[in-house]
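*Asks:* Using only what follows, build the 3D model:
(2 chains)
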Amino acid sequence: MTLLAFDWALLIEKLVLIAVIVFGSLGIALYTTFAERKVAAVLQDRPGPNRAGPFGLFQPFADGLKLIMKEEIIPNTSNKVLFILGPGLAMTAALMTCAVIPWSSHVELFDRKIDLQIADINIGILYVFGVVSMGVYGIMIGGWASNNKFSLMAALRGASQAISYELAMGLSLIAVLMLSGSLSLKSIVGEQMADGNLWNIAYQPLGFFIFFICALAECNRTPFDLPEAENELNFGYHQEYSSMKLGFYLFAEYVNMIMSSAVMACLYFGGYDIPFLDESTLAPNIAALLGVGALLTKIVIFIFIFMWIRWTIPRFRYDQLMNLGWKTMIPLALANMLITGALILWKAGA
Amino acid sequence: MSITQIMFFFLSALAVFSAIMVLVSRNPVHSVLWLIAVFFAISGHYILLNAQFLAIVNLIVYAGAIMVLFLFVIMLMNLNKESEPNKHIWMKMAGAISGGCFLMVMGSLVRQAADFQGKEALVGTGDIGLIKNLGRALFNNYVVPFEISSVLFLSAMVGAVVIGKKE
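*Replies:* Numbering: from 1, shown residues only, chains lettered A, B, ... in the order given. This is a model prediction of the structure:
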């Protein structure tokens, strides 16, 4: 009787990996909320949260407890099913990206070679792109189901912003794909780690710049946080939300930040590559652990830059946002793609 | 039953159920969401056939872009139960009969067509769906139709810009 004949060890391995990565990301997101408040405090020359625990380290737990304990209000005139579905979709779409990110090389445990990546599919980047395009639904459905004109306006804004910046993001990705010749994130990282190759940022500075701005826009971070512009839309698409449903929306933003930082690190900054160190001289397990550390360091640096920008730059007006997206970013990305293609052809011919 | 078969039946059931829900739902926004579920189920079938590129492009283009456009239109027009036009019973009957005829023609076509006789689906083995092979095929064997369709897309884009431009 072989009803389900397959490698059970593989299943267990992947389940453990998924659990570790998902809960790890949520844990980091938890402390990113704390870091956001601390960074804001430093930039604005004030102490920031410092009451709960040493240096205020228990603050995120206090915040979480507060959100869970608050009264759950679902507006009478809302569409109940979709109102509850909205935050769930936002969170799911945010977490789904982690499936294709190579967190490190591989560890050898119990005579098994375990890749520290949930799925190395050969369409890795397209998968990321598909998940990003799903992210719109959380905002749109939540905003529409609230049955509130401010929420609806914010949802439409958020969706059109996401769609506009997705185009430039995709075009800047094409240049990276031309360089690496693969869509798998693992081989893109491998390409950058190979001897004699620099990180992609050296070949693609303009591409990275475009990708970074688009990532800011996709995560709804300042200066692109038009969907929640409180001075014109009260609180944006999650205005009617309370308690943990609001928490999910806010939390999804932080998870999105972590995931886009991880993707940027993999595409342009060598992923789990440690600069000036040949990983193959180390024992594989140690190299893998150091690799995770390197990737996490890069992610933390990117998150800090996200926050730095948030607390420094005021937000755009809506027409400025659209002009920047369609009339600056897309032509720049197209030019970047053309130049990259021409240089690759020229190099291949020479 | 292997995993692949279980997945196949699960995805098929999901696709058919969601497709029925698209038609049955009274609320147009619900219909759009069920249609997205149909696209997901179909993408799952593509993955079972090892056509990963097709699967993800199906999701990006249909579920990620076209359905967002649908949602936009429905939300802006504020369609709901009250504003739905009440169709006459004869109209519904005529629709059901013509739809049934179409289903019969399609069904017999699939059953009778010589191309499908005695063929089996290449589950998880074919590699034409992988992006490398697909790209080679498109740019070697089918380069003229490919270019013509891209010119068609370009003209459609230019047309949309011209229509959307304010005077």
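*Asks:* and chain B, which of its residues are near chain A?
*Replies:* By CB under 8 Å from any CB of the partner chain, the residues of chain B that approach chain A are B:1-3, B:27, B:29-30, B:33, B:36, B:52-53, B:56-57, B:59-60, B:63-65, B:68, B:71-72, B:75-76, B:130-132. Yep, even glycine has a C-beta here, placed from its N, CA and C like the rest.
*Asks:* repeat that for 7 Å
*Replies:* Residues of chain B lying near chain A by CB under 7 Å from any CB of the partner chain: B:1, B:3, B:29, B:52-53, B:56, B:59-60, B:63-65, B:68, B:71-72, B:75, B:130-131.
*Asks:* got the contact list for stretch A:141-157?
*Replies:* A:75, A:77-79, A:82-83, A:85-87, A:89-90, A:139-140, A:226-228, A:233-234, A:236-240, A:249, A:318, B:29, B:72, B:75 (CB atoms under 7 Å, 6 or more residues apart in numbering or on different chains).
*Asks:* Buried members of those residues into PyMOL, please.
*Replies:* Buried members of the contacts of stretch A:141-157, defined by 16 or more other CB atoms under 10 Å in any protein chain shown, are picked up in PyMOL with:
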select buried, (chain A and resi 75+78+79+82+83+85+86+87+89+90+139+140+226+227+228+233+236+237+238+239+240+249) or (chain B and resi 29+72+75)
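*Asks:* Next one: the nearest residue to residue B:21 once chain neighbours are set aside from residue B:12, what distance?
*Replies:* Once flanking residues are discounted, residue B:21 sits nearest to residue B:34: 4.2 Å by CB to CB, 6 or more residues apart in numbering or on different chains. Distance, residue B:34 to residue B:12, using CB to CB, to the nearest Å: 16 Å.
*Asks:* Neighbour count for the two, which is higher?
*Replies:* Legend: neighbour count by other CB atoms under 10 Å in any protein chain shown for residue B:34 and residue B:12, higher for residue B:34 (18 against 14).
*Asks:* Run through the residues that contact that one.
*Replies:* Contacts of residue B:34 (CB under 7 Å, 6+ apart): B:18, B:21, B:22, B:25.
*Asks:* Closest one to chain A out of the residues you listed, please.
*Replies:* Nearest to chain A, judged by CB to the nearest CB, of these is residue B:25 at 11.0 Å.
*Asks:* Right, and chain B sits closest to which residue of chain A?
*Replies:* Counting by CB to the nearest CB, chain A gets nearest to chain B through residue A:133 (2.9 Å).
*Asks:* residues touching the residue nearest in space to the middle of chain B, list them.
*Replies:* Centroid-nearest residue in chain B: residue B:39, 6.1 Å away (criterion: CA atoms, centre = their mean). Neighbour list for residue B:39: B:58, B:59, B:62, B:63 [criterion: CB under 7 Å, 6+ apart].
*Asks:* Kindly indicate which of those lies nearest chain A.
*Replies:* Out of the contacts of residue B:39, the member with the shortest distance to chain A (by CB to the nearest CB) is residue B:59, at 4.6 Å.
*Asks:* Wait, that closest one touches residue A:131, no?
*Replies:* No - here residue B:59 does not reach residue A:131: they are 8.9 Å apart, not a contact under CB atoms under 7 Å.
*Asks:* The residue nearest to residue B:21 should be in a helix, yeah?
*Replies:* Yes - assigned with DSSP: H, G, I helix; E, B strand; the rest coil, residue B:34 falls within a helix.
*Asks:* the strands in chain A, which residues?
*Replies:* Using DSSP state E, the strands of chain A run over A:106-109, A:112-115.
*Asks:* For these, give me TSV that also has mean pLDDT, distance to chain B and mean neighbour count.
*Replies:* Listed next are these as TSV, based on pLDDT from 0 to 100; distance: least, CB to the nearest CB, whole Å; neighbours: other CB atoms under 10 Å in any protein chain shown:
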stretch	mean pLDDT	distance to chain B	mean neighbour count
strand A:106-109	77	22	14
strand A:112-115	78	18	14
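*Asks:* ok, back up a step: run a quick neighbour tally on the residue of chain A closest to chain B.
*Replies:* By other CB under 10 Å, neighbour count at residue A:133 equals 23.
*Asks:* Show me which residues of the stretch 1-150 of chain A are close to chain B?
*Replies:* Residues of the stretch 1-150 of chain A lying near chain B (CB under 7 Å from any CB): A:3-4, A:6, A:82, A:121-123, A:126-127, A:129-130, A:133-134, A:136, A:140, A:144.
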